[in-house]
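Colleague: curious how this folds, go ahead:
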Amino acid sequence: MPKGNVLEYLFNSSDINKPLEEVWADIQSYTGERFPENPEFVRLQSNILVVLPPLKYEGKFLKGVYISNAIDYIQHLFPQHKDIFITAATSMWSSYPWSKYADIYLTSFDYPQRLKWYKKNYPQNSDKIFIPLMDTDFTHELVIKPVPDSEKDIDIISVGRLDKVKNLPLLVKALVIFEKKFGYIPKTTLITGSTKEIFDENQKDIIREMADAAGSLEKLKQYITFVGEVPHDKELWRWYSRAKCSVLTSIFEGKNRMVYESLCCNTPVVIFKDLCKYTRGNNEILPENSGLCADFNAESLANKLKEAIDTYKSFTPRQSFLKNHGRLKAANRFIEAIPYYRENIPDFEPGKIEDNSWINSAMQEKYQLTYKKFLYGHNIFLTDAIVNEKQHMTMDFYLEEFNKI
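Modeller: The predicted structure follows:
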């Protein structure tokens, strides 16, 4: 299960009165990775994304590479798997991963000053490969896509769990101001992913805080329509497509996927301009003409939501997003950042992994599909594994294929 402590002051201020390096140290005090000490938690909360499978063709063997939030757990189960895989850890948070066994650490953003600080303070990890998720986000743009001619019957949508990091009471305060200032309540939907089985006291506390911000529980229901669990790859994109805009009310996150998902569905996003500013450096948080940035207060948020609702047709979120993002662009950047592949893929050319003749010939011989079809999930068993049983099947498959069991 996750390790360390999340310091809640990070969630509720855009101006932290601390030296920057102390803030970085506080961020590093928690990871959302899954470890062997709690296998039942790992079973439900871990994942694998295979970016490139192991390959053998014309007598040449090439290691595969996968991303996971449970590298050390997988290493515990399959100690021989690193014979055929390079491993990339993600912390599911803004910290650098804690994994002992990962070859690659995924970071939220490309921030050289912070990386220099990390290597100085964690010299035992300084030889890892560091790859920013801002450039290698694997949002599946062919699945998460707009529904043509979808009725825009939702003004505002937000997707996120009931958690303190999401600042949901601030959204309610903004909606209260919106009603007073503009004379109506915008149709707002919040998809929480909650079910009866996981609706705990912490989530109830968030609802109570939201109700207090609204004035009562009944008033909260007038402001927000709550939706529980929505199948991510089957239904979520339909919800985004119905909305005129989406909103993220966090001021501090890891690599929040709601923003990119919304953009993929051609729905503009409203965020805070200081989102992740202590880990983002000078990197932009939104592509051009894809949304609006508010100051970190309820009135500014209300104003930007009204502007987004009124002008949503003027934005080009999906077009702007796909200029530099998408699963294939992410895979190319990811593979290019790993020296092993630059040195070992025959006739390697940056930005053209999908056109490499050796890769595609090896893919066809071993897996009976091209690399591009593999990457976009034409055999999802080979590419993605979300719960422990599927991870066992995926890793068993690859190990058996290469005679390592």
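Colleague: from now on I want contacts and neighbour counts done on CA atoms only, so please keep to that.
Modeller: Fine.
Colleague: any idea how far Ser126 is from the most centrally placed residue in the chain?
Modeller: For the chain, the residue nearest the mean C-alpha position is Arg257 (3.7 Å; C-alpha atoms, centre = their mean). According to C-alpha to C-alpha, to the nearest Å, Arg257 and Ser126 sit 27 Å apart.
Colleague: got it, and Glu336?
Modeller: 19 Å.
Colleague: higher neighbour count, these two?
Modeller: Glu336 (18 against 14; other C-alpha atoms under 10 Å).
Colleague: pretty sure that one contacts Ile345?
Modeller: No: using C-alpha atoms under 8 Å, Glu336 makes no contact with Ile345, being 10.5 Å away.
Colleague: low-confidence bits of the stretch 301-405 of the chain, can you list those?
Modeller: The model of the stretch 301-405 of the chain has pLDDT under 70 over residues 378-392, 403-405.
Colleague: repeat that for 50
Modeller: The stretch 301-405 of the chain contains residues with pLDDT under 50 at 380-381, 387, 405.
Colleague: which stretches of the stretch 151-300 of the chain form helices?
Modeller: Using DSSP state H, counting those that start in this stretch, the helices of the stretch 151-300 of the chain run over residues 168-182, 201-214, 217-223, 236-242, 257-264, 277-280, 298-311.
Colleague: after the last one comes which helix or strand?
Modeller: In the C-terminal direction, the helix or strand that comes right after helix 298-311 (DSSP states H and E) is helix 317-322.
Colleague: contacts for that next one?
Modeller: Residues outside helix 317-322 that contact it (C-alpha atoms under 8 Å, 6 or more residues apart in numbering) are 260, 263-268, 287-291.
Colleague: show the subsequent helix or strand relative to that helix.
Modeller: helix 327-336.
Colleague: which neighbouring elements make contact with that following helix?
Modeller: helix 339-344, helix 371-375 (3 or more C-alpha pairs under 8 Å, 6 or more residues apart in numbering; DSSP states H and E).
Colleague: out of those helices, which comes closest to Gly160?
Modeller: helix 371-375 (26.3 Å; C-alpha to C-alpha).
Colleague: circling back: quick one, grab the pLDDT at the residue nearest to the centre of the chain.
Modeller: Looking at Arg257, its pLDDT is 85.
Colleague: nearest residue to it in space, please, no chain neighbours.
Modeller: Of all residues beyond its chain neighbours, the one nearest Arg257 is Thr139 (7.8 Å), with distances taken as C-alpha to C-alpha, 6 or more residues apart in numbering.
Colleague: name the element the nearest residue to Leu7 once chain neighbours are set aside belongs to?
Modeller: The shortest distance from Leu7 to any residue other than its chain neighbours is 6.9 Å, reached at Asp26 (C-alpha to C-alpha, 6+ apart). Per DSSP H and E, Asp26 falls inside helix 20-27.
Colleague: residues contacting Thr249?
Modeller: Per C-alpha under 8 Å, 6+ apart, neighbours of Thr249: 166-168, 170-171, 271-272.
Colleague: please consider this matter closed, and thank you.
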